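1. Generate coordinates for the sequence data below:
(4 chains)
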Number of protein chains: 2
Amino acid sequence: MTDMQACDATKADLAATETGELLLQNQVCFSLYSAANAIVRAYRPVLDAIDLTYPQYLAMLVLWANDGINVKDMGTQLHLDSGTLTPLLKRLETKGLLDRRRGANDERVREIWLTQAGKKLKEQARDIPNTMFCKSELPLEELIALKATCDKLLSKIT
Amino acid sequence: MTDMQACDATKADLAATETGELLLQNQVCFSLYSAANAIVRAYRPVLDAIDLTYPQYLAMLVLWANDGINVKDMGTQLHLDSGTLTPLLKRLETKGLLDRRRGANDERVREIWLTQAGKKLKEQARDIPNTMFCKSELPLEELIALKATCDKLLSKIT
DNA sequence: TGCAACTATATTGTGTGCAATTTAATTGTG
DNA sequence: CACAATTAAATTGCACACAATATAGTTGCA
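-> A predicted model of the protein is given here:
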């Protein structure tokens, strides 16, 4: 009743042939993909004020809550790997927001530490969540439900 | 009661200071962004079988329903611009799936026409929507609600 | 009709995402 | 203790997204 309920062959065949599953209009994933792109676009003017991209802002969120975290643990939180994070963190280092230090015990590990400028930026970011909330113009309950479904979907397909 | 309900200053201040809005765990947008990335990853092994990326697959969906569409109209449907679509369509042309013809009436317009191989690929893609539906392991109703909220969000922030 | 405004596409440059591979350091095991 | 297996980052290569700009081609209107 839970796992396979969605994969009943008869249901699936009916859906594919009669409701046009190969139409863009019927693709949940496309809606999610488009909404995610739109979110990054909507953040842009807001984040321009503090000279961050959206992924850079996410990395800063992690650091503001976990100063000194290493690349692997940041990657676990952000669902991103070193191929994405290493150059991103180098750019934030160039901006003077953080330092990338080798771990004292384990030379393989790269610890990411906020600079004073990096810590200070948190104050300027204080209003961003509410600004974006207002941009969405969606009821809080609907956003909460959206987050719950996205989190569930992520855990299922990862 | 509708537009500004979310932006009440007192509510917002409370939320920011007391519930930690600058925490990754409380970011709806981050969940959406991560789920969208995960979707592209989940499509990869499925689409490898027909040698398409996820954005290329979306472009093919548009073409299978609108053969001969131009770049601008495809961009409207996909919420993507020529900066993204021109190189993507060139890659699909190189694969032999489509032709890029100049419009007969208007030389500025680029019409995209499926080749025989491009049309034939639709048969091989027939099962993909259901395969992905099964991967998600989410009830149909929840996916429908997810799509509705994403579509609403997209229209609000665009 | 001339030509400025507009439109469709293409190009350039920057920053992701991510698979695959490489490099260097650490750990487990005989 | 040697050394294969493992691990953390970094690197490489490719394909997006998208802002900004460039290039043609078309249209409107004085």
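
2. For the rest of this, base every contact and every neighbour count on C-alpha atoms.
-> Fine.

3. The longest helix seen in chain A near DNA strand C anywhere?
-> Of all the segments assigned as helix in chain A under DSSP state H, the longest by residue count is helix A:28-48. No: where contact is defined by C-alpha under 7 Å from any atom of the strand, no part of helix A:28-48 touches DNA strand C; the two come within 7.7 Å at best.

4. List the buried residues for that helix?
-> A:28-40, A:42-43, A:46-47 (16 or more other C-alpha atoms under 10 Å in any protein chain shown).

5. Which strands and helices lie in contact with that helix?
-> For helix A:28-48, the packing partners by 3 or more C-alpha pairs under 8 Å, 6 or more residues apart in numbering or on different chains; DSSP states H and E come out as helix A:54-65, helix A:128-136, helix B:28-48, helix B:140-157.

6. how far off helix A:128-136 does that helix point, in degrees?
-> With axes from the mean of the first three to the mean of the last three C-alpha atoms, to 10 degrees as the criterion, the two stretches helix A:28-48 and helix A:128-136 enclose an angle of 130 degrees.

7. touching DNA strand D at all, helix A:28-48?
-> Yes: interface with DNA strand D: helix A:28-48 contributes A:Asn37, A:Ala38, A:Val40, A:Arg41 (C-alpha under 7 Å from any atom of the strand).

8. residues making contact with that helix?
-> Contact partners of helix A:28-48, identified using C-alpha atoms under 8 Å, 6 or more residues apart in numbering or on different chains, comprise A:24, A:53-54, A:57, A:128, A:132, B:29, B:32-33, B:35-36, B:39, B:58, B:78-79, B:143-144, B:146-147, B:150-151, B:153-154, B:157-158.

9. Any chance of a ChimeraX selection covering the buried ones in these?
-> Typed into ChimeraX, the next command selects the buried ones out of those (criterion: 16+ other C-alpha under 10 Å):
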select /A:24,53,54,57,128,132 /B:29,32,33,35,36,39,58,78,143,146,147,150,151,153,154,157
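
10. residues from chain A in reach of DNA strand D?
-> Residues of chain A lying near DNA strand D by C-alpha under 7 Å from any atom of the strand: A:37-38, A:40-41, A:70-73, A:82-84, A:86-87, A:108-111.
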